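> missing the sequence, but the structure's below:
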């Protein structure tokens with residue numbers, strides 16, 4: 001009986017942690033889009049979401065990979081999802097930047113002070 005109680009207690013403590021890891025991103029699809037941009041000859045799209053509690057930039061590149069830059073009261077997170085996958089992984093800023101530079105060079109340059117290049121807002 002003690003073993004069953006111990007297992008039940010462990011699951012009660014572990015399952016919420018797993019749920020939090022899976023929900024690192026806010027439910028941004030329900031938010032109002034602030035702006036949409038295109039770069040890299042139209043193959044990269046960037047959608048900017050802004051609320052009172054967070055800022056989220058969602059970038060999708062030609063092969064369908066998705067970059068997430070999420071800033072909220074806890075700090076900034078750099079997340080990445082490979083095309084065809086549902087798994088969102090957390091990356092260091094350096095890893096995120098390296099992938100972005102490889103997949104969306106004009107956007108990377110625009111973010112890092114290299115001018116706007118072919119990046120522009122879609123009306």
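Nice, I can see it. Note that the structure is predicted; figures quoted are calculated from it, not measured.

> Quickly find the element holding residue 95.
helix 93-103 (DSSP states H and E).

> Now that helix: buried residues?
Within helix 93-103, the residues that count as buried by 16 or more other Cβ atoms under 10 Å are 96-97, 99-100, 103. Bear in mind the C-beta positions are built from the backbone N, C-alpha and C, glycine included.

> Same question for stretch 48-56.
Within stretch 48-56, the residues that qualify as buried are 48-49, 54, 56, counting by 16+ other Cβ under 10 Å.

> Widest-spaced pair of those?
When Cβ to Cβ is used, the two most widely separated members of the buried residues of stretch 48-56 are 48 and 54, lying 11.5 Å apart.

> residue nearest the centroid of the protein?
residue 68 (1.7 Å; Cα atoms, centre = their mean).

> What residues are recorded as beta-bridge partners of that one?
residue 58, residue 79 (DSSP bridges).

> How about the contacts made by it?
Remark: with contacts taken as Cβ atoms under 8 Å, 6 or more residues apart in numbering, residue 68 is in contact with 25, 56-59, 77-81, 88.

> can you list these in a markdown table and add pLDDT?
Putting the contacts of residue 68 into a markdown table (pLDDT from 0 to 100) gives the following:
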| residue | pLDDT |
| --- | --- |
| 25 | 88 |
| 56 | 95 |
| 57 | 95 |
| 58 | 96 |
| 59 | 96 |
| 77 | 96 |
| 78 | 97 |
| 79 | 97 |
| 80 | 97 |
| 81 | 96 |
| 88 | 95 |
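
> Let me have these in CSV, adding distance to residue 37 as columns.
As requested, the contacts of residue 68 are exported to CSV (distance: Cβ to Cβ, whole Å):
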residue, distance to residue 37
25, 19
56, 14
57, 9
58, 11
59, 9
77, 20
78, 18
79, 19
80, 19
81, 19
88, 21
